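Participant: model the following, please.
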Amino acid sequence: MANATSTATLKEVDRLRPADETIADDAQALSAQLKAMRERLFPPASQKTLRSFTSGEAAKLIGVSDGYLRQLSLAGEGPQPDVGAGGRRYYSLADIDAIRHFLAEQALAKGNAAKARSYVKWRDPARGEHLQVISVTNFKGGSGKTTSSVHLAQYLAMTGHRVLAVDLDPQASLSALFGYQPELDLVGNDTLYGAIRYDGEVRPLQEIIRKTYFHNLDLLPGNLELQEFEHATPRALAQRQPGDTQGLFFTRVQDALASVADNYDVVVIDCPPQLGYLTLSALCASTSVVVTVHPQMLDVASMSQFLFMTSDLLSVVREAGGSLNFDFLRYLVTRFEPHDGPQTQIVGFLRSLFGERVLTSPMLKSTAVSDAGLTKQTLYEVGRENFSRGTYDRAMESLDAVNAEIERLIHQAWRRG
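Facilitator: Okay, here's the model as predicted:
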């Protein structure tokens, strides 16, 4: 009875309190619990680290046999692995990248430039290989946009590319997967907004970029301040003088990324789930676009509206002088259940409409991906031992197939064989 009275009293207090105070208390309580959870998961400094890779995993990433990697180790050539129980060899991602460079130097010494290029995949501006900026977008929540973005960025880093991941979503889910709690770890001007704002507080983008625990993968984190761009842009447009094309909103992201282009091969942008100025700016900065699609009829209907709106808005941008030539535009089927008849029919319907613009490989729905997410990790970060073998292997095969297909499109855009 005492419990019931106490609960009733709390309900009465909540009813009488202003809603903003109740929501603020809930936000504070949730933030404190997330902080405590992070400290339990990633002690002692509350920072994420990346696991080591077995010799088999390392060999696959490098593109050599496990036996050849063992020979290098026994001969003392290149970076040496950590040796665990039973003589098992383990490599960090930095070790793997250093071995790539070692093998590339050997290949160049023998005059085999093509072989060297297969190990070190950095773009070569002298050959016209431009920075590849990929926006992953859809304005419907739950389409797998952030999951696709983070796994793509990590895959490209693991395969030897220099990657910048950009969290353009004020909800900052991508940042959370990289170990950031925006309300605790970021202060003002710590997001892309700091480099694209219209006032005197603008910062160089290089000062905002953060290193991650993934070798060759940097992050532009997000938080709620990104939403300021949606409010500041209409004011800036209203104050713009006729004929003034300097600093138009759709050039700001492009100009900011150009300032760090020499440091990266690929930029992956996780766009917000709405078609506002942030998303439009990202699309105008992009060389390629991936639209995530969950194969349900309501999602497909929503995508139709998204495409109409995007087309209308981008045509206005183009008429104002924006450049909109994409190397590729692809639709990625996400959270796909191959034994679900209606989903299979919808995927077939999309392929009949859009042909090769639908990626051949879908992203399968998997408990392995969602289980990894419980600890704010991706499937590339957790070991196989944490799941049943079949579940892990199916999910990993699906992720690798999708990301390898996008990697091939990037290399085609660079005119590589």
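Participant: going forward, measure contacts and count neighbours with C-alpha atoms only.
Facilitator: OK.
Participant: low pLDDT regions in the stretch 301-417 of the chain?
Facilitator: Applying pLDDT under 70 to the stretch 301-417 of the chain picks out residues 320-323, 417.
Participant: ok, now the chain?
Facilitator: 1-35, 37-47, 241-247, 320-323, 417.
Participant: give me that answer again for 50
Facilitator: For the chain, the stretches with pLDDT under 50 are 19-20, 43-45.
Participant: tell me the domain ranges of it?
Facilitator: Using automatic domain parsing, the domain ranges for the chain come out as 53-119, 125-413.
Participant: tell me which stretches of the stretch 51-200 of the chain form strands.
Facilitator: 53-54, 82-83, 89-91, 132-137, 163-167 (DSSP state E, counting those that start in this stretch).
Participant: and if you look at the stretch 251-400 of the chain?
Facilitator: 266-270, 288-293, 328-333.
Participant: of these, which is nearest Gly87?
Facilitator: strand 266-270 (36.7 Å; C-alpha to C-alpha).
Participant: please point out which parts of stretch 331-350 sit buried.
Facilitator: Buried residues in stretch 331-350, defined by neighbour count with 16 or more other C-alpha atoms under 10 Å: Tyr331, Leu332, Val333, Thr334, Arg335, Phe336, Glu337, Gln343, Thr344, Ile346, Val347, Leu350.
Participant: tell me how far the residue lying closest to Ser366 once chain neighbours are set aside lies from Val402.
Facilitator: For Ser366, ignoring the flanking residues on the chain, the nearest one in space by C-alpha to C-alpha, 6 or more residues apart in numbering is Ala395 at 6.1 Å. The gap separating Ala395 from Val402 is 11 Å, by C-alpha to C-alpha, to the nearest Å.
Participant: ok, the residue nearest to Asp82 when sequence neighbours are not counted - contacts?
Facilitator: Nearest non-adjacent residue to Asp82, counting by C-alpha to C-alpha, 6+ apart: Tyr90, 5.2 Å away. By C-alpha atoms under 8 Å, 6 or more residues apart in numbering, the contact list for Tyr90 reads Ser52, Phe53, Thr54, Ser55, Pro81, Asp82, Val83, Gly84.
Participant: show me what Tyr90 is bridged to.
Facilitator: For Tyr90, the beta-bridge assignment (DSSP bridges) gives partners Thr54, Asp82.
Participant: tell me how far it lies from Val347.
Facilitator: 40 Å.
Participant: what of Glu381?
Facilitator: 29 Å.
Participant: reformat the contacts of Tyr90 as JSON lines; add neighbour count and distance to Asp371.
Facilitator: Formatted as JSON lines, those follow (neighbours: other C-alpha atoms under 10 Å; distance: C-alpha to C-alpha, whole Å):
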{"residue": "Ser52", "neighbour count": "19", "distance to Asp371": "20"}
{"residue": "Phe53", "neighbour count": "20", "distance to Asp371": "20"}
{"residue": "Thr54", "neighbour count": "18", "distance to Asp371": "22"}
{"residue": "Ser55", "neighbour count": "20", "distance to Asp371": "25"}
{"residue": "Pro81", "neighbour count": "19", "distance to Asp371": "30"}
{"residue": "Asp82", "neighbour count": "14", "distance to Asp371": "29"}
{"residue": "Val83", "neighbour count": "11", "distance to Asp371": "29"}
{"residue": "Gly84", "neighbour count": "9", "distance to Asp371": "27"}
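Participant: related to what we said a few turns ago, ranking the domains of the chain by burial, who's on top?
Facilitator: Highest mean neighbour count of the domains of the chain: domain 125-413, a mean of 18 (counted as mean count of other C-alpha atoms under 10 Å).
Participant: what's the offset of that one from the middle of its chain?
Facilitator: Centroid displacement of domain 125-413 relative to its chain, using C-alpha atoms, centre = their mean, to the nearest Å, is 6 Å.
Participant: can you give me the end-to-end distance of it?
Facilitator: Criterion C-alpha to C-alpha; first-to-last residue distance in domain 125-413 is 13 Å.
Participant: picking up where we left off before, as TSV, the strands of the stretch 251-400 of the chain with distance to Asp95 would be great.
Facilitator: As requested, the strands of the stretch 251-400 of the chain are arranged in TSV below (distance: least, C-alpha to C-alpha, whole Å):
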stretch	distance to Asp95
strand 266-270	21
strand 288-293	31
strand 328-333	32
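Participant: let me know which of the domains of the chain is the nearest to Ala36.
Facilitator: Nearest to Ala36, of the domains of the chain and by C-alpha to C-alpha, is domain 125-413 at 11.2 Å.
Participant: mind putting the domains of the chain in a markdown table, distance to Ala36 included?
Facilitator: Formatted as a markdown table, the domains of the chain follow (distance: least, C-alpha to C-alpha, whole Å):
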| stretch | distance to Ala36 |
| --- | --- |
| domain 53-119 | 28 |
| domain 125-413 | 11 |
